[in-house]
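> I'll drop the sequence and a predicted model, then ask my questions.
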Amino acid sequence: MSDSGPNRTAMNRRSFALGVVGASATAAFGPAAFGSTAHAAERSSVSDPDGVLFHEQTLWDSAEGPFVNYHVHALAVLPDDTVLAVTEGRHEVCDAGPRDLLLRRSTDGGRTWEASRALVTSVDGQSWGNPALVVDRETREVFLFYMLSLRLPQNTSCSGDSGELYVISSRDSGRTWGEARSLAGLFDGFPYNWALHGPGPGHGLQLRSGRLLLNCLHRRVIVGNTVAERYYGVAPLYSDDHGVTWQAAGEVPVQVAYPINEARMVQRSDGTVFVNGRAAAGGEGQRIVSVSSDDGLTWSQPAFDGGTGSFNAVDAGLLRYTGGPGSRDTRRVLFSRPDSPVRYNMTVSVSYDEGFSYRYQRVINENRSFYSDLARLSDGTIVLLYGCDGDLASAPRRVNVCRFSLEWLTRGRDSLRHGPHYREAVIALAAADREVTGGVVQTVADPLARRDERLVFTPEQVGDELEFTFRVPHTGEYELLLRYHRSADGALATVTMNRTGLPDFAIDTTAQSADGFDLAHLGTTRLRAGRHTLRCAVTGTGRGGGTRLGLDSLSLIEAPGSADVRAEVVVDNARLGFEVVSGTWATATADPGFWSGNYRTAPAGSGERMVRWRPAVPQDGVYEIQASYPPAATRAGNAPYTVFHADAATTVRIDQRVAGEPDPRGGSWVSLGEFRLRAGLETSIELTNDADGTVAADAIRLLGPRT
C-alpha cells in the first residue's frame, strides 16, 4: 500500500480558532464591505519535519454569519500576486434561492485578507450564482462572470430553470468593479433549446494566442424535462479583444451518455485545450473529458476518463502549474477534488503527463469537502479554495483557503528547485510493431488518445492475442502504465511483459456506463536497454459479455518515488460487477455508514434472496476481502457472506448490528478474511438473507495482493 492517505499528524494538529466574519452586508460594486475584521480566521498552521509550511484559513463560516451558507467559488491570482476569492453568500441552503456574490481580497499572497464585501447583492430574492474569474495578463484586467438563476412557477425543486449571463470587471486588482454587462442571447443559436447558462464556476484561461476562454455549462429547463432530456453540455465563451466583446465557442458534442456539467480547462503543452468535467446526474463516477485543437472553437467527442480516478460528481479544480505551450519547464498539472464516492476527503494531485495520469497526491482534509479551485502565486506557492465541514451533505459550513508548496504536496519528491526527476517514454500501441494471433485489428483516430489514435482488437475466439515489440532506451527501473479503452462490449484481458519478473495482469475492459479510457498500473521492474514485448490476450468475456479489446499506450516511467496508487478493488452495489441474483433487494439510504450513494436490503429469510459481487482481480495473490454495510439495531447478527476463492468456498457470518471500521472516504468496513485469488473474474462474493434480521448489501473491497 502506498503512502497516499492523509498526513494524520498534521490533520490532528489543526487548531480551530475561528474568528468573526461579520454581521451585515452592503450592496455595491465599489469598496463597500461587511465585517469587522481585516483578516481571515486562522484554522490551521502546521510544519512538517523538513520545515515545509502548510497554512489554512477560514474565509467564510456560516456558523458565524451573516449568511446561512457559502457555496460555489472562484479563485484567481493576478499578475501582481493579488489573490481574489469569490463565493456565493446564500440566504437559504438552495441552489436557486436568494444569493449574493461575495469577495475577499489578499495583497500579500494569501497571508491576510480584507474583509468580505458584496459585489452583487440579491434584491427581492434574486439568485446570483456560479462565479468565475478570468484574468487578462496583458492588460491586467480581471473579469467576474456570473448568472441570474430563475425558476418557473411550477418548479418545486431548488434548482433554477434558466440562467442569464452577466460580467463585471476590475482594472485595479479587484479594488473597484465596473457596471454589470448582460450577455443575454450569447448562446441562442445552439439547437438544444438551452435555457440555463452557468459560467465556470472557478476560473477560465488566457491561451498562448492571447484568447480569453471560459467554460460555460448549459441545460434545458427542469420543468417538463427528465434528466436525460435536459441536454447537459459545455460550450465556452471567449474574447479575442481583451474582453471588449465576448462570443460563444462551439459545444462539446452533446450526448445523453456524457452529461458534462461544471468543468475546468487547461491548455496542454501541444497547444490543445483539455476540458475535464463532472457528470450532471450526481453519484460516483469518472470524469468526462474532451479536447480542442483550435483554441476552444470546436471539441472532440466526449469520453469518460479514469486518469483522475472515480469519485463524487462535484466541481473540481484543474490548474496548469508549470510548463505549457512554449515552456521548457517541467510539465505539471494540478487537480483538486473530494477523493471519495461522497463529499469527503479533499485531495490535491499532480500530473507530469498533461493530465493523462496523476502521480502524487495528498489529502488536505479528510472531513466533508465540496467544490474547490486552484491558483498559483509567482513564487510557486499553491493556493486552494474549497468548501468544507458541517453537518449537511449538500453544502459546506466553511470556505477555507490553503497555501502550500509543491514540496509539501509531494512529500519532498518534487520541488521547483530540484524537479521531480521524472522521465516518461510513451509507446503508442497503434504505431508499435505487432503480431496478431487470430482476430482483426483496427486503428481508430481519437484525439483523446495519447498519440491521437488507438487500437481495437476483435478476436475470433477467446485466447487470441496481440504482441507488441518496443525498445527500451536504457537499462533502469521502470514503472509500467497501460492506458486502455473501455467499451460496453469490453473483454477480459491478460497483460504480460516478457522477460520480466512482473506477474500477469488482468483487466476487465467493460465500460461502467459509457465508453472511455482507464489506466492499469502494471508494476515496477528492471528493463535492459533494447527490445521487449508486451502481450495482450483476450482470456474471457468481460462483465458485459463482450470480447473486444481497446488499447492506447504503454508508458515507461522513471522517478525516484513510487506513484500514490491505492492497492484496492472496490465493487459497489450500484456499479459494474454487482448483480441481484434472486429475490427483491430494496434500495435504501436511511442508515449512515454505507459506501457511495445507497445500499440494498432484504428481510430475514431462508436464503431465497441473493446478491453477488464479482470483482476483477488484477493479479494472482492473497487478498484481504472487506465488506461495507450501514449498521443498525434491526440488522442481521449473522449475515452470510460466501467467498468463492482459488481454494474453495468459504462462508463468513457477520454481525451487521455492529459498525465496522470507518473510512474517511466512506463506508463501514469489516474483514471477511484473507483469501488466495486468481487473476481475472473467477472470484465472487455472495450474500443471502439466510439470517436472523434485515441483511444489507453495500460494497466489497479487495486489498492487496500479497504474493
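Right, received. Where do you want to start? Note that the structure is predicted; figures quoted are calculated from it, not measured.

> Hmm, residue 588 is touching residue 597, no?
No. The criterion here is Cβ atoms under 8 Å, and residue 588 misses it with residue 597 at 10.8 Å. All C-beta spots, glycine's among them, are computed from the backbone N, C-alpha and C.

> what about the two, which has more around it?
residue 597 (19 against 15; other Cβ atoms under 10 Å).

> how far away is the more buried one from residue 574?
6 Å (Cβ to Cβ, to the nearest Å).

> Report the set of residues contacting both of those two.
Taking Cβ atoms under 8 Å, 6 or more residues apart in numbering as the criterion, residue 597 and residue 574 both touch residue 283.

> Tell me where the chain has helices.
Per DSSP state H, the chain carries helices over the ranges 8-12, 406-410.

> which of those helices has the lowest average pLDDT?
Lowest mean pLDDT within the helices of the chain: helix 8-12, a mean of 28.

> and residue 80, how many neighbours does it have?
For residue 80, using other Cβ under 10 Å, the count is 9.

> From what I see, it and residue 173 are in contact.
Yes. Under the criterion of Cβ under 8 Å, residue 80 makes contact with residue 173 at 5.9 Å.

> List the residues that are in contact with both of those two.
Joint contacts of residue 80 and residue 173 (Cβ under 8 Å, 6+ apart) are residue 140.

> so where is the stretch 51-200 of the chain shaky, pLDDT-wise?
Along the stretch 51-200 of the chain, the model assigns pLDDT under 70 to residues 51.

> list the contacts for the nearest residue to residue 61 once chain neighbours are set aside?
Computed as Cβ to Cβ, 6 or more residues apart in numbering, the closest residue to residue 61 that is not its neighbour in sequence is residue 398, at 4.9 Å. Contact analysis of residue 398 by Cβ under 8 Å, 6+ apart lists 43, 58-62, 70, 387-390.

> Mind checking which of the residues you listed land in strands?
43, 58-61, 70, 387-388 (DSSP state E).

> picking that back up, distance check, the residue nearest to residue 61 against residue 682.
47 Å.

> which residues touch residue 101?
86-89, 118-120, 128-129, 131, 144, 146.

> Among those, pick out the one closest to residue 178, please.
residue 144 (10.1 Å; Cβ to Cβ).

> What residues does that closest one make contact with?
Counting by Cβ under 8 Å, 6+ apart, residue 144 has contacts 74, 86, 101, 119, 131-133, 167-170, 177.

> how about 7 Å then?
86, 119, 131, 133, 167-168 (Cβ atoms under 7 Å, 6 or more residues apart in numbering).

> again, but for residue 148
Per Cβ under 7 Å, 6+ apart, neighbours of residue 148: 126-128, 163-164, 166.

> In ChimeraX, select just the buried ones from those residues.
In ChimeraX syntax, the buried subset of the contacts of residue 148 is picked out as below (16 or more other Cβ atoms under 10 Å):
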select :127,128,163,164,166
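
> closest to residue 494 among the contacts of residue 148?
residue 163 (49.1 Å).

> sorry, back to before: give the buried subset of the ones in strands among the contacts of residue 398 as a PyMOL selection command.
To isolate the buried members of the ones in strands among the contacts of residue 398 in PyMOL, using 16+ other Cβ under 10 Å:
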select buried, resi 43+58+59+60+61+70+387+388
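
> how about the ones in strands among the contacts of residue 398, which pair is most distant?
Largest pairwise distance in these, by Cβ to Cβ, is 14.4 Å, between 43 and 70.

> got the contact list for the nearest residue in space to residue 184 that is not next to it in sequence?
Counting by Cβ to Cβ, 6+ apart, residue 184 lies nearest to residue 164, which is 5.6 Å off, once chain neighbours are set aside. Listed by Cβ under 7 Å, 6+ apart, the contact partners of residue 164 are 147-148, 182, 184.

> So, low pLDDT: which residues of this protein?
1-51, 707.

> Kindly list the longest strand within it.
Ordering each strand of the chain by length in residues (DSSP E) puts strand 360-376 first.

> by contact count, what packs against that strand?
strand 69-77, strand 317-322, strand 332-338, strand 344-351, strand 382-388, helix 406-410 (3 or more Cβ pairs under 7 Å, 6 or more residues apart in numbering; DSSP states H and E).

> Just want the angle from it to strand 332-338.
Relative orientation of strand 360-376 versus strand 332-338 (axes from the mean of the first three to the mean of the last three Cα atoms, to 10 degrees): 100 degrees.

> Go ahead and measure how far strand 360-376 is from the middle of the chain.
11 Å (Cα atoms, centre = their mean, to the nearest Å).

> Let the chain start at 16 from now.
Sure thing, new numbering starts at 16, so read that last one as strand 375-391.

> Let's see that strand as PDB, backbone CA atoms only.
Output of strand 375-391 as PDB, limited to C-alpha atoms (Å, rounded to 0.1, in the frame of the first residue of the first chain):
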ATOM      1  CA  TYR A 375       1.500  12.100  -6.300                       C
ATOM      2  CA  GLN A 376      -1.400  13.200  -4.100                       C
ATOM      3  CA  ARG A 377      -2.000  14.500  -0.600                       C
ATOM      4  CA  VAL A 378      -5.100  14.700   1.500                       C
ATOM      5  CA  ILE A 379      -5.900  18.300   2.600                       C
ATOM      6  CA  ASN A 380      -9.000  17.500   4.800                       C
ATOM      7  CA  GLU A 381     -10.500  14.000   5.400                       C
ATOM      8  CA  ASN A 382     -13.800  15.500   6.600                       C
ATOM      9  CA  ARG A 383     -16.600  16.800   4.500                       C
ATOM     10  CA  SER A 384     -15.300  18.500   1.300                       C
ATOM     11  CA  PHE A 385     -17.100  20.200  -1.500                       C
ATOM     12  CA  TYR A 386     -16.300  22.500  -4.500                       C
ATOM     13  CA  SER A 387     -12.700  23.700  -5.000                       C
ATOM     14  CA  ASP A 388     -10.500  25.800  -7.200                       C
ATOM     15  CA  LEU A 389      -6.700  26.200  -7.600                       C
ATOM     16  CA  ALA A 390      -4.300  29.000  -8.300                       C
ATOM     17  CA  ARG A 391      -0.600  29.700  -8.200                       C
END
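
> in its sheet, what does it sit against?
According to DSSP bridges, strand 375-391 forms sheet pairs with strand 359-366 (antiparallel), strand 397-403 (antiparallel).

> residues in contact with the shortest one?
Spelled out, that is strand 397-403. Against strand 397-403 from outside (Cβ under 7 Å, 6+ apart): 86, 88, 90, 92, 98, 100, 125, 349, 351, 361, 363, 379-380, 382-392, 411, 413-421, 424.
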